[in-house]
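A.B. asks: sequence unknown, structure follows:
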DNA sequence: TAAGTTTATATGTCATACATATATACAAAT
DNA sequence: ATTTGTATATATGTATGACATATAAACTTA
């Protein structure tokens, strides 16, 4: 059975380690204060728009310097949980769900293993979105898809061309799902996708052949049902499944 | 067509706004430096384990005070992109993909709309994971599922009981997918799930009736195929779909 | 070779001062 | 009476200097 017990990775750890003897985490004030602040906001049932105490008050309450408080607040500002205006003070705001995620993906610090897991996640979503697509399909998006398919059939020649139209096609799919969170997720994973496509280009042509075209998918989307679409999508994505497994 | 163009929300904006006259973003040094640092690491092709210049050097290069650099670095430390040791300096580390995400979910600052989108995302994943499950199913996990099902059939009486076993069942499913990223994602969305369950408890009993049991799902997982599983899972999740749409 | 000691150094924390923007109040002008 | 200009108080933004603290590295001792 795969063990997912501890997920906190300690990169700087020594090679040889004694089981049950984890190194002490290097604790610092900023981490503590960040935690305390977040818990404080939750406990006080603050919601977006509420003002929070000013820096000097927080520092006094927590008995730390203003620098520490500012470092902790700065983190929450990055997550979009806080906005601050001079003289006015600070207010809580609805955070941007993917803010940190984007930066992490873009950092190019993720291991190959993590990237593969993200690609799997993308495949999972591509298969699972079918239900929403049939619930929310509409003429405007179907026409946009039609346009992409026609253009691709007419103009695409090189594999790179097809890759570009593929991105475009799937982008519209996510849009059709009517879920902005999903839509942005797909957009972000573009980098992961490109990485994999790059890795796959070493695989020979035959293994990359796609048995189900965008035209096929579109037809099912117009006249079929969720299960048929998933069956087709699975075949459409088969090269990626084969690459991963 | 749904417009997802701009997603940067400005909570504190005035009611009446003139089109084409967006308020100036309140720029500050910390944001700039955070950006510069991230781009610097990318441009230099640094990877996990590499050491980065020390604080005073960065401050000198960027021509800002050490405070600013420290605030920016503190943010990257929160994302897990950087670890620092006294005297040794700082090194880049592989960030924790979901670090920021967890804090945002826990903050309870998300709007109802965002929570609904996250629940949709969860439904999408629950449907899409089917493929991976049939690829990675194994005796250990199947037995664990069996155990949950048997225990539920024997002991569960109240709706709250069933909810608990439901969480347990789906948790094992995600584990069986063999994808840690997915597994943690499910775990995190527990809060969103609870929120929805709470909201649903106002719906009358009949609408919450489930036509496909965990026993049914398990049987298909043992003897069926991905498409059959999805069909069953869709029915299993029908109360949630009905709640959302 | 191993254990103890010293030293240099980079991060962690604190205190203080000043810059900057702006909400508020008030005065002047139309 | 409503707008426009001016002054002031205030909370955040930035800079600087000082010291605490842990620890890698060098050195000494046993």
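C.D. replies: Great, that's in hand. Because the structure is a prediction, the values reported are computed rather than measured. Numbering: from 1, shown residues only, chains lettered A, B, ... in the order given.

A.B. asks: From residue A:84, how far off is the residue of chain A found nearest DNA strand C?
C.D. replies: Going by Cβ to the nearest atom of the strand, DNA strand C is nearest to residue A:29 of chain A, at 3.0 Å. Glycine gets a C-beta too; all of them are placed from N, C-alpha and C. Distance check for residue A:29 against residue A:84: by Cβ to Cβ, to the nearest Å, it reads 20 Å.

A.B. asks: ok, how many other residues are close to residue A:219?
C.D. replies: A total of 15 residues lie near residue A:219 under the criterion other Cβ atoms under 10 Å in any protein chain shown.

A.B. asks: what does chain A put close to DNA strand C?
C.D. replies: Taking Cβ under 7 Å from any atom of the strand as the contact definition, chain A meets DNA strand C at A:26, A:28-30, A:63-68, A:85-88.

A.B. asks: Residue A:102 is in contact with residue A:188, correct?
C.D. replies: Yes: using Cβ atoms under 8 Å, residue A:188 is in contact with residue A:102, at 5.5 Å.

A.B. asks: Look at the two and report which has more neighbours.
C.D. replies: Between residue A:188 and residue A:102, counting by other Cβ under 10 Å, residue A:188 is the more crowded of the two (18 against 15).

A.B. asks: Tell me which residues touch that one, please.
C.D. replies: By Cβ atoms under 8 Å, 6 or more residues apart in numbering or on different chains, residue A:188 lies in contact with A:98, A:101, A:102, A:105.

A.B. asks: Quick check, pLDDT for it.
C.D. replies: Here the pLDDT value assigned to residue A:188 is 89.

A.B. asks: how near is the residue located most distally from the centre of chain A to residue A:80?
C.D. replies: Farthest-out residue of chain A from its mean C-alpha position, per Cα atoms, centre = their mean: residue A:60, at 38.1 Å. Counting by Cβ to Cβ, the gap between residue A:60 and residue A:80 amounts to 26 Å.

A.B. asks: Just give the nearest non-adjacent residue to residue A:91, would you?
C.D. replies: Leaving aside its chain neighbours, residue A:91 sits nearest to residue A:51 (5.1 Å; criterion: Cβ to Cβ, 6 or more residues apart in numbering or on different chains).

A.B. asks: The one you found: what's it in contact with?
C.D. replies: Residue A:51 neighbours (Cβ under 8 Å, 6+ apart): A:89, A:90, A:91, A:92.

A.B. asks: One more pass at 7 Å, please.
C.D. replies: The contact partners of residue A:51, taken as Cβ atoms under 7 Å, 6 or more residues apart in numbering or on different chains, are A:89, A:90, A:91.

A.B. asks: what does residue A:186 give?
C.D. replies: Listed by Cβ under 7 Å, 6+ apart, the contact set of residue A:186 reads A:170, A:171, A:174.

A.B. asks: helix/strand/coil for it?
C.D. replies: helix (DSSP: H, G, I helix; E, B strand; the rest coil).

A.B. asks: likewise residue A:90?
C.D. replies: Three-state call for residue A:90 (three-state DSSP): strand.

A.B. asks: my read: it touches residue A:76, true?
C.D. replies: No: taking contacts as Cβ atoms under 7 Å, residue A:90 lies outside contact range of residue A:76: 9.2 Å.

A.B. asks: Can you pull the residues that touch both of these two?
C.D. replies: Here residue A:90 and residue A:76 have residue A:82 as joint contacts, going by Cβ under 7 Å, 6+ apart.

A.B. asks: Looking at the two, which is more packed in?
C.D. replies: residue A:76 (24 against 19).

A.B. asks: follow-up on the earlier one: out of the contacts of residue A:186, which comes closest to chain B?
C.D. replies: Nearest to chain B among these: residue A:174, at 9.4 Å, using Cβ to the nearest Cβ.

A.B. asks: Next, that closest one: phi, psi?
C.D. replies: Dihedral pair for residue A:174: phi -60, psi -40, per degrees, to the nearest 10.

A.B. asks: burial of it, as a residue count?
C.D. replies: Using other Cβ under 10 Å, the number of residues around residue A:174 comes to 22.

A.B. asks: The closest residue to residue A:171 other than its chain neighbours and residue B:91, how far apart?
C.D. replies: The shortest distance from residue A:171 to any non-neighbouring residue, by Cβ to Cβ, 6+ apart, is to residue A:186 (6.7 Å). Per Cβ to Cβ, residue A:186 is found 32 Å from residue B:91.

A.B. asks: Mind telling me which residue is nearest the centre of chain A?
C.D. replies: residue A:185 (4.3 Å).

A.B. asks: OK, contacts around it?
C.D. replies: By Cβ under 7 Å, 6+ apart, the contact set of residue A:185 is residue A:98.

A.B. asks: can you redo the contacts of residue A:188 as a markdown table with pLDDT and secondary structure?
C.D. replies: Listed next are those as a markdown table, based on pLDDT from 0 to 100; DSSP: H, G, I helix; E, B strand; the rest coil:
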| residue | pLDDT | secondary structure |
| --- | --- | --- |
| A:98 | 95 | coil |
| A:101 | 96 | helix |
| A:102 | 95 | helix |
| A:105 | 94 | helix |
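
A.B. asks: now those: which count as buried?
C.D. replies: Those of those that meet the buried threshold are A:98, A:101, A:105, by 16 or more other Cβ atoms under 10 Å in any protein chain shown.

A.B. asks: list the buried ones in stretch A:46-60?
C.D. replies: A:46, A:48, A:52, A:55, A:58, A:59.
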